[in-house]
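Engineer: fold the following for me, if possible:
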Amino acid sequence: GNLATSQAVVKMLENGILQGAEPNLLNVPTLFDAAQLVGDLVSKVARTTQTRAYTQEGFGSNFLLGGQIKGQQTELYHIYSEGNCINATEDTPYLQIGEAKYGKPILDRSLNYRSSLEDAVRAVLVSFDSTIRSNLSVGFPIDLIVYRNDTYTMPAGIRVTENEPYMNNIRNQWSAGLKAILQQFEEPPADYFC
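Structural biologist: Numbering: from 1, shown residues only. I've put the predicted structure just below:
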């Protein structure tokens, strides 16, 4: 979405915490309430910017908000620029924002609600690699944070660069694996070539 809107929302959330606002991200009772708070700010910033610019398009931002409040389940929300949100469920075990047409099929075919974190990280990296390869507007670095249930700490995360050895290994194995499996399919029937 719009970078100015995203940065404004993040700054407002930070200021709310520093100023002890009611509510703020550190004192909401549920993650859903946190998603509602973010949604309210996204909608407010987008409306204010649109009014100033006399336009109706281009100022929205989408957010992913995930985490866990002690004593509650881990949750993930996709917050839309209009301020509403949806959460990940057993039927929709992941949420994605941004360019989706190249990487989403990989996630759809490889992940389900019971997938391990390790499998999810591998699938996400392959998904990003496919998107980066097919879309010039998407590129490195990839900022990756993996949260483990019931740890209640924010992981440091890592920045995956184009030359990172594990990423290169994933990229090379994925490419070779696709080529190999294509060769394993039976030949198309002759009438496919009419």
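Engineer: the lowest-mean-pLDDT helix or strand in the chain: how far from the chain's middle?
Structural biologist: Among the helices and strands of the chain, helix 31-53 carries the lowest confidence by mean pLDDT, DSSP states H and E, at a mean of 86. When C-alpha coordinates are averaged (C-alpha atoms, centre = their mean, to the nearest Å), helix 31-53 and its chain have centres 19 Å apart.
Engineer: for that helix, packing partners?
Structural biologist: Secondary-structure packing of helix 31-53 (3 or more C-beta pairs under 8 Å, 6 or more residues apart in numbering; DSSP states H and E): helix 3-18, strand 63-67, strand 75-79, strand 85-87. (C-beta placed from N, C-alpha, C; glycine too.)
Engineer: tilt between the third one and helix 3-18?
Structural biologist: Strand 75-79 runs at 130 degrees relative to helix 3-18, counting by axes from the mean of the first three to the mean of the last three C-alpha atoms, to 10 degrees.
Engineer: hmm, who's touching strand 75-79?
Structural biologist: With contact meaning C-beta atoms under 8 Å, 6 or more residues apart in numbering, strand 75-79 is reached by 31-32, 35, 38-39, 42, 62-68, 85-88, 94-97.
Engineer: next up, the contacts around V124.
Structural biologist: L107, L144.
Engineer: tell me the pLDDT of it.
Structural biologist: Note for V124: predicted pLDDT of 95.
Engineer: tell me which element it falls in.
Structural biologist: helix 117-134 (DSSP states H and E).
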